[in-house]
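Asks: Need coordinates for the below:
(2 chains)
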Number of protein chains: 2
Amino acid sequence: MSDSSQSPTSPTSPTSPTRSLAARAAALDAADQLADRRKLFALDDDTVYLDGNSLGALPRHVPERLQDVISRQWGELRIRSWDESGWWTAPERIGDRIAPLVGAGPGQIVVGDSTSVNVFKALVAAVRLLDPTDPARDEILVDATTFPTDGYIARSAARMTGKPLVPVDPADLPGALGPRTAVVLMNHADFRTGRLHDLAGITAAVHEAGGLAVWDLCHSAGALPVGLDAHGVDLALGCTYKFLNGGPGSPAFLYVAERHQDRFDSPLPGWTSHVDPFAMDQDFAAADGAIRGRVGTPDILSMLALEAALDVWEGVTVEAVRAKSLALTDFFLECVSAYAPPGRVRSLTPAAHAERGSQVALRCAEAPAVMETLIARGIVGDLRRPDVLRFGFTPLYVGFADAERAARTLGEVLNAVPAETATSAHAPG
Amino acid sequence: MSDSSQSPTSPTSPTSPTRSLAARAAALDAADQLADRRKLFALDDDTVYLDGNSLGALPRHVPERLQDVISRQWGELRIRSWDESGWWTAPERIGDRIAPLVGAGPGQIVVGDSTSVNVFKALVAAVRLLDPTDPARDEILVDATTFPTDGYIARSAARMTGKPLVPVDPADLPGALGPRTAVVLMNHADFRTGRLHDLAGITAAVHEAGGLAVWDLCHSAGALPVGLDAHGVDLALGCTYKFLNGGPGSPAFLYVAERHQDRFDSPLPGWTSHVDPFAMDQDFAAADGAIRGRVGTPDILSMLALEAALDVWEGVTVEAVRAKSLALTDFFLECVSAYAPPGRVRSLTPAAHAERGSQVALRCAEAPAVMETLIARGIVGDLRRPDVLRFGFTPLYVGFADAERAARTLGEVLNAVPAETATSAHAPG
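Replies: Okay, here's the model as predicted:
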């Protein structure tokens, strides 16, 4: 960190920082109520996997479960599995498995399609919820710092609904709300910095202004309590391949608050969202409930891998996961302070717990070379160009010794990789 | 059939129809150049699987291949697989595997999303291709007899682009084309009747009228030559879980003719269609080529199961598949004529080869009970409510003895299931 004197384990302490932090890590791991979860995942001790915020690790039981889906359900039962193996109802059944993790009651979440497609459904549907009652309320506000797909799709939704798109920095959001605010699309946690936005406060402010709040939960679902119902969120969506460990590109989810379901008018009214799909009726009549958010035939293999992966949550609360996540990122930041040469990395992740997701982002002028070397040494984070080192902490399988080892290796790598310039790591942002 | 005297094996022939047709089936199977393909699929001899037009059978090698994708690529390589296992480029790589089966040169097909989502992309993009040059050309024509999702999504695309939707019976299409024709969406093969529409002739007529032709190939891709490039089709899409055996809900494909790619303007411009996705740029700039048809993060498990499944096409031409398909459906119709009690079933599938897809649809007043009994006896077709028995013929794994057994069992079942009324099976349609 830029000021290593903030570290509680300064070079003057009687034991070396390494021994002291390693000992503390061991004690923290020994006291960790979630430590037993790690054995549920396919992980080896040579690797510290801190990229679960990009692709969650494989739960060990998933291959066998998917083998059954492929060889028996598809291979033997074939078409009968749409009924007999529960394929047809998978989108809403798996939605109900995700629901408690994001604070939603049953019947409000369906799984399917990509995050991008769900952003489109949610924004267009939100505009349509408001349009008949207040057509002058026309602005679609979108987080200007968002993961780019949300911005691209928001621009398309605005273009296709004829509404103006207003990109807003989250810090400026309160001042941007007003009588023209129709829909606000925000990321709960920023993909780059790990900053957690105030879902409860922003949702309340959007409602106060008369608009609807749509949340992208890609970087918070499975990492921390979201409280969709409690905070009155209108629509939400998120991916399932990060902290929910659903597998590469596993289907996303869409939340439609119960009070909006009767008037949810999808721009993608595919046949599986019809009230009676097998009537093959030429006229569309929407199903009741969140099923309106379905579109085409569900991709069963990806979907049932996700369903199996959700078993790792049995007996675990997202509150416990959150407590460990904060302890882990606190401890990692402390270790980085102790181990990193002064001035070489600077945390972009807020220190305040209420503003922190489940990752740590470090700005580093030599980030590409540093991350390449880290990965070669078994510390798997990722790079966000041009100069951000990202380290994701999935409490179900990352421990405190992992955090200590990652920070220690980072310190060693920084000492080995020459600094590019004296000042670039101190650039603002 | 309604007139069994048309059968070449009338009751007066010296051998019984059963022996004669069974013997011919055996001879046809013995001469079948594709007969060796059946062993590539997970099928048992107790079942005649005639529902490959709904869900293709499992190729035997897929479970092992997907096990590698899950356990090694996801489980061990994890995030590295986006590069090292070729995950990132899977949509266009698999598109290029499908391309020769539908008569497309490379670089024009991407795989991803559902058929419904791809109908939306194609229709909106087609409207946008025309809009700047000829805004008065505004009508979106859609097959009024189509699989319903196409009609539902076409209605949404029309609503969102502000264009009128004109449902047209395919037989009336020539008269409906004119100076207002913008886009025509047709199914190549009708899901209910198995009727094959004249892709070459209709595409030429649409072009003659100044419009663009979009084809849904769900029921023809992998069943017969399509000739997308040769016939100048503009945009096309289709599913991969029927005659391409990609697995339940496997991702669909989208074809964008090379000449349209520069101006293809997707309504779903997700981050993976960006020219430099990992720049995480807030401004959208579309990639070159068919990659513009991509949207979100690809669902790798479903997608790589499809990729593996396409191996069954090695060394097989779709022309050979078509020849066997026509021979199979001819023979099945002949067997039905011989075995079915007079007046109980009537074929909705055209007799002319040029008008027939790869299924036979039989109207039968007692269809629900008949299909239930057929399935219980190992003849797996399906029902399209209220009164259509569908039998799909996948030449890679269905043989002539299967066709004979299916028709013979149908005859037995019809003799066992009492006729509901004397006339209902003769209703027009």
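
Asks: Spell out which residues sit in contact with A:C335, please.
Replies: By Cβ atoms under 8 Å, 6 or more residues apart in numbering or on different chains, the contact list for A:C335 reads A:L21, A:A403, A:E404, A:A406, A:A407, A:R408. Backbone N, C-alpha and C define where each C-beta goes, glycine included.

Asks: Out of those, give me the two with the largest separation.
Replies: A:L21 and A:A406 (11.5 Å; Cβ to Cβ).

Asks: quick one on the thing from earlier: of the contacts of A:C335, just say which sits nearest to B:A157.
Replies: A:A406 (48.6 Å).

Asks: how about the closest one, secondary structure?
Replies: helix (DSSP: H, G, I helix; E, B strand; the rest coil).

Asks: is chain B contacted by stretch A:166-182?
Replies: Yes: using Cβ under 8 Å from any Cβ of the partner chain, we find that stretch A:166-182 touches chain B at A:P167.

Asks: Whichever of the contacts of A:C335 end up buried, select them in ChimeraX.
Replies: Selection of buried members from those for ChimeraX, criterion 16 or more other Cβ atoms under 10 Å in any protein chain shown:
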select /A:21,403,404,406,407,408
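
Asks: which element is A:A182 on?
Replies: strand A:181-187 (DSSP states H and E).

Asks: wait, what's in contact with whichever residue of the stretch 301-429 of chain A sits closest to chain B?
Replies: Nearest residue of the stretch 301-429 of chain A to chain B (Cβ to the nearest Cβ) works out as A:S302 at 4.2 Å. Going by Cβ under 8 Å, 6+ apart, A:S302 touches A:G246, A:G247, A:G249, A:S250, A:P251, B:D299, B:I300, B:L301, B:S302.

Asks: Take those residues and keep only those in helices.
Replies: Cross-referencing the contacts of A:S302 against helices under DSSP state H gives B:I300, B:L301, B:S302.

Asks: Generate CSV for those residues, with pLDDT as supplementary columns.
Replies: Converted to CSV, the ones in helices among the contacts of A:S302 look like this (pLDDT from 0 to 100):
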residue, pLDDT
B:I300, 98
B:L301, 98
B:S302, 97
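
Asks: Tell me where the stretch 1-150 of chain A is predicted with low confidence.
Replies: A:1-15 (pLDDT under 70).

Asks: Pull out the buried positions in the helix or strand hosting A:L328.
Replies: Using DSSP H and E, the element containing A:L328 is helix A:318-339. For helix A:318-339, burial by neighbour count (16+ other Cβ under 10 Å) applies to A:318, A:321-322, A:324-329, A:331-339.

Asks: Using CSV, write down the CA coordinates of that helix.
Replies: C-alpha atoms of helix A:318-339 as CSV (Å, rounded to 0.1, in the frame of the first residue of the first chain):
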residue,chain,number,x,y,z
VAL,A,318,-25.5,-15.7,2.8
GLU,A,319,-25.0,-13.7,6.0
ALA,A,320,-22.3,-16.1,7.2
VAL,A,321,-20.7,-15.8,3.7
ARG,A,322,-20.7,-12.1,3.9
ALA,A,323,-19.1,-12.0,7.4
LYS,A,324,-16.3,-14.2,6.2
SER,A,325,-16.0,-12.2,2.9
LEU,A,326,-15.4,-9.0,4.9
ALA,A,327,-12.9,-10.7,7.2
LEU,A,328,-11.1,-12.1,4.2
THR,A,329,-10.8,-8.9,2.3
ASP,A,330,-9.9,-7.0,5.5
PHE,A,331,-7.1,-9.5,6.2
PHE,A,332,-5.9,-9.5,2.6
LEU,A,333,-5.7,-5.7,2.6
GLU,A,334,-3.8,-5.9,5.8
CYS,A,335,-1.4,-8.5,4.4
VAL,A,336,-0.9,-6.4,1.2
SER,A,337,0.0,-3.4,3.4
ALA,A,338,2.6,-5.5,5.2
TYR,A,339,4.1,-7.3,2.2
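
Asks: mean confidence score for the next helix or strand after that helix?
Replies: Remark: after helix A:318-339, the chain's next helix or strand is strand A:346-347, criterion DSSP H and E. Mean pLDDT, computed over strand A:346-347, is 97.

Asks: Counting neighbours, which bits of the helix or strand containing A:E372 end up buried?
Replies: In this assignment (DSSP H and E), A:E372 forms part of helix A:367-376. Neighbour counts over helix A:367-376 (16+ other Cβ under 10 Å) mark A:A367, A:A369, A:V370, A:M371, A:T373, A:L374, A:I375 as buried.

Asks: Give me the residues contacting that helix.
Replies: Outside helix A:367-376, the residues that touch it by Cβ under 8 Å, 6+ apart are A:364, A:380-383, A:385-389, A:406, A:409-410, A:413-414, A:416-417.

Asks: rewinding a little: would you format the contacts of A:C335 as JSON lines with distance to chain B included?
Replies: JSON lines is the format used below for the contacts of A:C335 (distance: Cβ to the nearest Cβ, whole Å):
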{"residue": "A:L21", "distance to chain B": "26"}
{"residue": "A:A403", "distance to chain B": "18"}
{"residue": "A:E404", "distance to chain B": "21"}
{"residue": "A:A406", "distance to chain B": "15"}
{"residue": "A:A407", "distance to chain B": "20"}
{"residue": "A:R408", "distance to chain B": "22"}
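
Asks: circling back to that earlier point, dump the helix holding A:E372 to PDB, keeping only the CA atoms.
Replies: What follows is helix A:367-376, C-alpha atoms only, in PDB (Å, rounded to 0.1, in the frame of the first residue of the first chain):
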ATOM      1  CA  ALA A 367      -0.400  -4.800 -13.500                       C
ATOM      2  CA  PRO A 368      -0.100  -6.900 -16.700                       C
ATOM      3  CA  ALA A 369       3.300  -8.300 -15.900                       C
ATOM      4  CA  VAL A 370       2.500  -8.700 -12.200                       C
ATOM      5  CA  MET A 371      -0.700 -10.700 -12.800                       C
ATOM      6  CA  GLU A 372       1.100 -12.900 -15.400                       C
ATOM      7  CA  THR A 373       3.800 -13.700 -12.800                       C
ATOM      8  CA  LEU A 374       1.300 -14.200 -10.000                       C
ATOM      9  CA  ILE A 375      -0.700 -16.700 -12.100                       C
ATOM     10  CA  ALA A 376       2.500 -18.500 -13.000                       C
END
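
Asks: mind listing what whatever residue of the stretch 201-350 of chain A ends up closest to chain B touches?
Replies: Of all residues in the stretch 201-350 of chain A, A:G296 sits closest to chain B, at 2.6 Å by Cβ to the nearest Cβ. Shown in contact with A:G296 (Cβ under 8 Å, 6+ apart): A:G270, A:W271, A:T272, B:D113, B:S114, B:T115, B:S116, B:V117, B:T149, B:G249, B:A252.

Asks: Would you point out the most distant pair within these?
Replies: A:W271 and B:D113 (14.5 Å).

Asks: So between these two, which is more surrounded?
Replies: Each of A:W271 and B:D113 has its neighbours counted (other Cβ atoms under 10 Å in any protein chain shown); B:D113 has more, 33 against 24.

Asks: how about the more buried one, secondary structure?
Replies: Of the three states, B:D113 takes coil under three-state DSSP.

Asks: That one touches B:M303, doesn't it?
Replies: No: the criterion here is Cβ atoms under 8 Å, and B:D113 misses it with B:M303 at 10.7 Å.

Asks: Look up the residues that both of the two are in contact with.
Replies: By Cβ under 8 Å, 6+ apart, B:D113 and B:M303 have these common neighbours: B:P251.
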